Structure formats: C-alpha cells, structure tokens
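Novice: Predicted structure and sequence below. I'll ask about it afterward.
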2 protein chains.
Amino acid sequence: MAQPPIICTVDVVLLCLKDAALHVALLRRDHAPFAGALALPDGYVDPEQDRDAQDAAVRILREKAAIVSPYLEQLGTFSGKGRDPRGWSISVAYYALVPAHIMDLARHPALQLLTVDHLKGQPFDHREIIQAAVERVRSKSTYSSLPVYLCGERFTLPQLQGVYEALLGEPVNKVSFRRKMDELDILEPIPGAMETGRANRPAQLYRLKKKYRNQLSLTGRGLNPDPLK
Amino acid sequence: MAQPPIICTVDVVLLCLKDAALHVALLRRDHAPFAGALALPDGYVDPEQDRDAQDAAVRILREKAAIVSPYLEQLGTFSGKGRDPRGWSISVAYYALVPAHIMDLARHPALQLLTVDHLKGQPFDHREIIQAAVERVRSKSTYSSLPVYLCGERFTLPQLQGVYEALLGEPVNKVSFRRKMDELDILEPIPGAMETGRANRPAQLYRLKKKYRNQLSLTGRGLNPDPLK
DNA sequence: ATAATAGTGTCTATAAGACAATATAAG
DNA sequence: CTTATATTGTCTTATAGACACTATTAT
C-alpha cells in the first residue's frame, strides 16, 4: 500500500525581545506558495541530512537566519488539509529564544522583526503558530527560568527582571524575584564584573551557570515542562 | 523537486487507572514490523478521511480500541531515521485519559493493560513515548484538574483525591485538596446522589460541570497548558 | 454503642508581596 | 551634597499543610 503524499515541513518561531516587547523574526518568501509574504523560517524535512525533526529545525535556523540558538524546543505539530494550498501537510513547529543583538539582520536582509501582537497577513497558519509559541513562552515565564535565554551572556538582575516584566506585561515584586532566582540556583555572579557608568550604585553582572549553557541537546521534544530547575 | 518518502503515523497513549496504578493500553501487532509485539495503537495518517492529525488519532482510537475518549491531547512528535525499520518516520503522539471501566477488553482481545512502570519490550520508541505521556500527566496533575478524566462520570471527592495520590505517588492534604477543587470551580454536587452502602458517613457524588464535559474539540495541539482553568 | 470514613474548623508553617532602610555610583 | 538605582532587611498578607473535631452511616 503506497504512502499517501503528505508534505512534511518544519517551522521555527524565532523570538527575541526588542524595546521591551516580544518580536518574531519573519522571512520574506522567495518562492511559491505565498512568494513575497512574510512567513516563519521553514523548510522540508530532509531524511538525508536531518537525523530528526529537531535537527532539521537547527539546520533551517542556520541556513535561513544564520542563527544557532541556545534554546530550541518543540512547540507542537500543525497538520491538516487546509493549511497549505499544496495539499495535506504536517509541520512540526519549534520555537527559539535569542538575545536581540545576535539577530544579524544585516546579513539577512529578507529577515524582519515584528511585534508579536497585532500580527496579520502571515501565510499558512503561521499566525496561529506564533500565537501558540508566545503563549507557551509567557506561560513558562510564570514558573521557570526560560526568559534568561532572551538576555545576552551577561546581564544584571534588574535587567532580567525587566525581561520578565516585559513578557508578563506586569510588574514583578523585586524581593520575590530575587528570592526565586536565588532558589533556582542557575545564575552565578561574574566575579568583579559590574554594570557601571550610570549615576547610581553599580549592578552585579550575572551569567548562567555552566551546566545550563547551551541546553540545545536537552530540550528535545518540548516534553520538558521546566526547562531549568 | 520530489518530496522524500517520509512515513507519517499517529500513536495514541491510552491511559487509565487500575488498582491505584497508571496503566497503558497496548495492542498486539498483527503485521510487520514487529508483528506479535505489544505496541501503542497507531496508524497512518489518511489524508482522505482525516481532517488533521488529531482527527486521525480519534479514528485510530475508535477503530483499534473501540474507544471515544473525553480527553485527547497532543503530546509531541517523535521523528527520525532510527525509530522505524522501514525508514525515516514522523509520528505525532497523542495521549488519552479514560476511566478504567470503559476499556472494553472483551471486545478487543488484542488489547492489554500494562503498568506504566517497568515497561519493556515495546517496539519502535514506544516506551519513550509512553514515558513522556506519563510525565506529562503527572506534571499536569500537580496544578490542574486533568485527573478527573480518569474518573467515571460520577465520583466522590475522596475517590478523586485517591486518583491524585495514585498519580503523584504521595498523599495529598485533604483540606488543601478540597479547597483547590472548590477554587477550580469545575465540579458540581449531583443533587441527592450519595455514595452509600459502607459503614460510614456517605460521600457526596460529584460530576464535571457541563461546560467541561467532552473537551475533545478544545484540546487541539497540546498547546493548552492548563486543561481546565 | 462502636467503628469507619466524610466533611469542616482552626491553628501553624511556608511562601509571596509591601515597604523601607542602606549602599554606591555620577555629577 | 543630591539624585538615582542596586541591594538587603523586615513586616504583612496569602497560601498550604497539620491536626482535630463533628457528622452520618452499618453493624
């Protein structure tokens, strides 16, 4: 019995924080369907070179956006007849979190950053996929350390708190926040490194503890409800 | 450019509680590969009759186990070269929760219930898939009302508490449990219905409030971190 | 009456948040 | 010194758990 023709692709929702708002990186499509539209970086699964779908996501991110993300997690699979004009399709969606400054728009002029709110005009069901990724990130931000991946390598606690506040859309208690970070036990102060330059007491710079850096291989299928901790 | 030959299937992890332990329903395979082995109910996605992968899961559950589950959620997608001897495959996994008594083993002699702990000998990566489903259920049980789907239509609070305790593997505080159930506001007492017959004060029977029954259509892609509330 | 478990009241412990005091930089 | 923000201490409030008391049934 022949296998019916099903289109197998991978979509990547690449998220970063810019101007205190979550942004998604979209790519102007250069071929049909929806040539010219702004869409998620995507691609066919290639059984030759991809060991699994996550591998394909890593490759697509590298090829289409020149980015290797320290955090990449399976979001879910979107499938059905209606979502792709070419026919019945199945797309495994991943989401990646990166600090804004590594998004090298110069090297990829087709790449654009859009606020995740008020999206419209995305082809396929990409808007729905983005919304799902955003919900997932916001939901996880309430109980996990996920947002650290939106910061750079070094950051102060007030900066990190700002990231949480931007994601959650509400202020967070400073004392509780610091207690929580302390309990999570995933950050370490960088000895001697302080954020200085402004007219106030300098803030201690922190970084992720070594064992939590480059989690890539550990966050396989999104079956990891608490990314760290 | 031709689409590479990728095997697209759906697996369903059908779970119930028996003797205070989580059990998974496995099916003896009647064809290759792994004919004769106990495996998850699975099947090819059929673009002709399935609107999407979840639709396929519902169909497979109906055809292979004669069950329509009130709770079915996408677990994740498992893919790669090594998991199926026939070649590079992609399998969208779902999990379903049902009360033990609706598992009609008589009508499906090939169906078997196994404790989820100490599994071994499952073909493909089915053991891994089952473990992922079990982790998800246990994790969600700590903060959601998911376990109600393992009960029948009517149940007492002590019974429901027992389900939570079986899942979590530890006793839960009675007062806190009842407070939580009260807050969740998803149960209603069945007027006049009491569990009687034993030598003690009879317990009030409860049921899910109407709007939470038959959630099937709402739990699409597992993107619903809190199944209820 | 007794035993058994359901259901509830209340006290205690733990966690979260509010508020305020102190620290340290630039100008 | 003044201003601004980091960092820390402490009090208050909210939430979770422990314990015990009352309720209701079968025997």
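Specialist: Great, that's in hand.

Novice: What residues of the longest helix along chain A count as buried?
Specialist: Counting by DSSP state H, the longest helix found in chain A is helix A:126-141. Neighbour counts over helix A:126-141 (16 or more other CB atoms under 10 Å in any protein chain shown) mark A:126-134, A:136-141 as buried. In short, each C-beta sits where N, CA and C put it, glycine included.

Novice: same deal with stretch A:146-157?
Specialist: Neighbour-count burial for stretch A:146-157, counted by 16+ other CB under 10 Å, picks out A:146-151, A:155-157.

Novice: Go through the buried residues of helix A:126-141 and name the one nearest DNA strand C.
Specialist: When these are ranked by distance to DNA strand C (CB to the nearest atom of the strand), residue A:141 comes first, at 13.2 Å.

Novice: I figured the closest one was touching residue A:169, is that so?
Specialist: No: using CB atoms under 8 Å, residue A:141 is not in contact with residue A:169, being 10.2 Å away.

Novice: State the mean pLDDT of the longest strand seen in chain A.
Specialist: Across chain A, the longest stretch assigned as strand under DSSP state E is strand A:7-18. Strand A:7-18 comes out with an average pLDDT of 97.

Novice: ok and it relative to strand B:7-18, angle-wise?
Specialist: 70 degrees (axes from the mean of the first three to the mean of the last three CA atoms, to 10 degrees).

Novice: Can you give the strand pairings for strand A:7-18, parallel or anti for each?
Specialist: Its sheet considered, strand A:7-18 pairs with strand A:21-28 (antiparallel), strand A:42-44 (antiparallel), strand A:89-97 (parallel) by DSSP bridges.

Novice: what about the longest one, average pLDDT?
Specialist: For strand A:89-97, mean pLDDT rounds to 98.

Novice: Follow the chain on from it and name the next helix or strand.
Specialist: Sequence-wise, the next helix or strand downstream of strand A:89-97 (DSSP states H and E) is strand A:111-115.

Novice: Can you list the buried residues in that following strand?
Specialist: Result for strand A:111-115 [16+ other CB under 10 Å]: buried residues A:111, A:113-114.

Novice: could I get these as CSV with pLDDT and distance to chain B?
Specialist: Listed next are the buried residues of strand A:111-115 as CSV, based on pLDDT from 0 to 100; distance: CB to the nearest CB, whole Å:
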residue, pLDDT, distance to chain B
A:111, 92, 24
A:113, 96, 23
A:114, 97, 21
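
Novice: okay, now the domains of chain A?
Specialist: Here the domain parsing of chain A from automatic domain parsing is A:7-141, A:146-212.

Novice: Most tightly packed of those?
Specialist: Using mean count of other CB atoms under 10 Å in any protein chain shown, the stretch among those with the largest mean neighbour count is domain A:7-141, at a mean of 19.

Novice: what's the angle from the longest strand of chain A to helix A:126-141?
Specialist: Interaxial angle, strand A:7-18 versus helix A:126-141 (the same axes, to 10 degrees): 50 degrees.

Novice: chain center to strand A:7-18: distance?
Specialist: In this view, strand A:7-18 has its centroid 7 Å away from the chain centroid, taken as CA atoms, centre = their mean, to the nearest Å.

Novice: and if you look at stretch A:60-74?
Specialist: Mean C-alpha position of stretch A:60-74 versus that of the full chain (CA atoms, centre = their mean) differs by 9 Å.

Novice: check contacts around residue A:10.
Specialist: By CB atoms under 8 Å, 6 or more residues apart in numbering or on different chains, the contact set of residue A:10 is A:42-45, A:53, A:56-57, A:60, A:91-94.

Novice: now those as a markdown table including distance to DNA strand C?
Specialist: Shown next, in a markdown table, are the contacts of residue A:10 (distance: CB to the nearest atom of the strand, whole Å):
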| residue | distance to DNA strand C |
| --- | --- |
| A:42 | 38 |
| A:43 | 41 |
| A:44 | 44 |
| A:45 | 41 |
| A:53 | 35 |
| A:56 | 38 |
| A:57 | 33 |
| A:60 | 38 |
| A:91 | 37 |
| A:92 | 34 |
| A:93 | 31 |
| A:94 | 30 |
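
Novice: So which of the buried residues of stretch A:146-157 are in strands?
Specialist: Taking DSSP E, the ones among the buried residues of stretch A:146-157 that sit in strands are A:155-156.

Novice: Would you check how far apart residue A:199 and residue A:157 are?
Specialist: 19 Å (CB to CB, to the nearest Å).

Novice: next one: residue A:34
Specialist: Residue A:34 is 43 Å from residue A:157, by CB to CB.

Novice: just residue A:43 next, same as before
Specialist: Separation of residue A:43 from residue A:157 (CB to CB) stands at 38 Å.
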